[in-house]
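K.L.:
got a sequence here, can you model it:
(one chain, ligands or ions: 1)
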Amino acid sequence: MASVLGKQERKKIVFPSKNELSEAMAKYTANLSAKFCKERGYFTLVLSGGDLISWLSELLKPVYQESIEWSKWHIFWVDERVVPLDHKDSNYKLAFDGFLSKVSIPIANIYAIDQDCAALGDAKGAALLYEECIKRLVNRNIIRTYKSSGFPQFDLQLLGMGPDGHMASLFPGHYLIKEKANLVTYITDSPKPPPKRITFTLPVINCASYNLMAVCDEAQADAVAKVFEDDFDLPSAWLTADVEAIWFLDQAAASKIPK
Ligand SMILES: O=C1O[C@H](COP(=O)(O)O)[C@@H](O)[C@H](O)[C@H]1O
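P.N.:
Model (predicted):
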């Protein structure tokens with residue numbers, strides 16, 4: 001299995017405010033949607049939870065509503081909290097209420113975690129079934145594979161980072177960051193509530209063609225500075241991609257990056 005880690009240039013764009021960041025994120029996403037829909041008839045987009053979802057509202061504007069080929073989109077989650085899908089902590093609910101219910105992506109193309117596992121709080125089962133779901137879509141060629149590694153390769157992942165430097169549900173100091181055998185794994189002692197979550201493993205995250213990490217606000221400035229100083233204790237510092245890994249920051253989040 002090819003190594004997918006390794007140091008790569010960490011690109012960043014600093015925006016005056018969240019508004020400009022969210023406009024640029026919409027443009028970036030729409031451009032990649034057009035590229036992949038044209039090249040292969042599908043666009044595989046991975047979402048995270050957190051603040052990022054509200055910044056996606058730019059994609060609801062008429063210019064995008066009318067031009068994006070929504071029927072070709074396939075939606076996944078880089079991590080999910082193992083709670084019922086209508087629970088306030090569910091990343092699926094957050095994205096569905098704030099974005100997915102307002103665009104015409106076929107419901108069959110929205111891949112939430114297994115409802116029963118979610119309702120029962122079965123994190124292990126949820127991870128296993130999500131991995132199976134991804135493998136099935138790889139077999140149907142909806143998700144590509146990364147070169148010869150056999151890992152799934154998503155077209156674009158939209159990621160966020162917590163103030164502690166976590167991305168997806170990979171937390172600083174937790175052994176999950178080292179997990180390389182599985183595509184999807186689980187955690188039952190997440191330092192950030194809720195404790196039960198599933199998450200893509202780092203090799204899967206880094207196989208994506210494009211990774212866009214969007215971070216705003218001063219509360220994240222210390223973690224952002226550490227990432228740009230190559231502090232690999234922070235899971236987010238490990239982020240790479242096959243084609244491009246790019247950080248979209250507002251001025252507050254970028255304020256402590258050494259000049
Ligand atoms: O718990 C989570 O946190 C991260 C970061 O969220 P943010 O609100 O600080 O941007 C998020 O990316 C992840 O998907 C979520 O489960």
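
K.L.:
near the ligand, which residues of the stretch 151-259 of the chain show up?
P.N.:
160-162, 169, 192 (CB under 6 Å from any ligand atom). Placement of C-beta: from N, CA and C, glycine included.

K.L.:
try it again with 5 Å
P.N.:
160, 162 (CB under 5 Å from any ligand atom).

K.L.:
likewise for the stretch 1-150 of the chain?
P.N.:
48-51, 79.

K.L.:
which one of the residues you listed sits closest to G41?
P.N.:
S48 (25.2 Å; CB to CB).

K.L.:
excluding residues flanking it in the chain, which one is nearest the residue in the chain positioned nearest to the ligand?
P.N.:
Relative to the ligand, the nearest point of the chain is G50 (2.5 Å; CB to the nearest ligand atom). Once flanking residues are discounted, G50 sits nearest to G160: 4.2 Å by CB to CB, 6 or more residues apart in numbering.

K.L.:
quick check: that neighbour touching L52?
P.N.:
Yes. Assessed by CB atoms under 8 Å, G160 is found in contact with L52 at 4.4 Å.

K.L.:
need the overlap of contacts for the two.
P.N.:
A214 (CB atoms under 8 Å, 6 or more residues apart in numbering).

K.L.:
end to end, how far does stretch 129-148 reach?
P.N.:
24 Å (CA to CA, to the nearest Å).

K.L.:
need the residues that contact that stretch.
P.N.:
2, 4, 40, 42, 44, 74, 76, 80, 111, 113-114, 117, 151-155, 182-184, 198, 207, 242.

K.L.:
using JSON lines, lay out the residues of the stretch 1-150 of the chain next to the ligand together with neighbour count and secondary structure.
P.N.:
Compiled in JSON lines, those are given as follows (neighbours: other CB atoms under 10 Å; DSSP: H, G, I helix; E, B strand; the rest coil):
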{"residue": "S48", "neighbour count": "26", "secondary structure": "coil"}
{"residue": "G49", "neighbour count": "22", "secondary structure": "coil"}
{"residue": "G50", "neighbour count": "17", "secondary structure": "coil"}
{"residue": "D51", "neighbour count": "16", "secondary structure": "coil"}
{"residue": "D79", "neighbour count": "28", "secondary structure": "strand"}
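
K.L.:
pLDDT for those - can I get that in CSV?
P.N.:
Converted to CSV, these look like this (pLDDT from 0 to 100):
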residue, pLDDT
S48, 98
G49, 97
G50, 94
D51, 94
D79, 98
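
K.L.:
which stretches of this structure have low pLDDT?
P.N.:
Low-confidence segments of the chain (pLDDT under 70): 1-8.

K.L.:
packing partners of the longest helix along it?
P.N.:
Counting residues, the longest helix found in the chain (DSSP state H) is helix 18-40. Packing partners of helix 18-40 (3 or more CB pairs under 8 Å, 6 or more residues apart in numbering; DSSP states H and E): strand 11-15, strand 43-47, helix 52-55, helix 62-67, strand 156-159, strand 210-215, strand 244-250.

K.L.:
as JSON lines, those with mean neighbour count would be great.
P.N.:
Listed next are the helices and strands packed on helix 18-40 as JSON lines, based on neighbours: other CB atoms under 10 Å:
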{"stretch": "strand 11-15", "mean neighbour count": "16"}
{"stretch": "strand 43-47", "mean neighbour count": "25"}
{"stretch": "helix 52-55", "mean neighbour count": "20"}
{"stretch": "helix 62-67", "mean neighbour count": "11"}
{"stretch": "strand 156-159", "mean neighbour count": "26"}
{"stretch": "strand 210-215", "mean neighbour count": "25"}
{"stretch": "strand 244-250", "mean neighbour count": "22"}
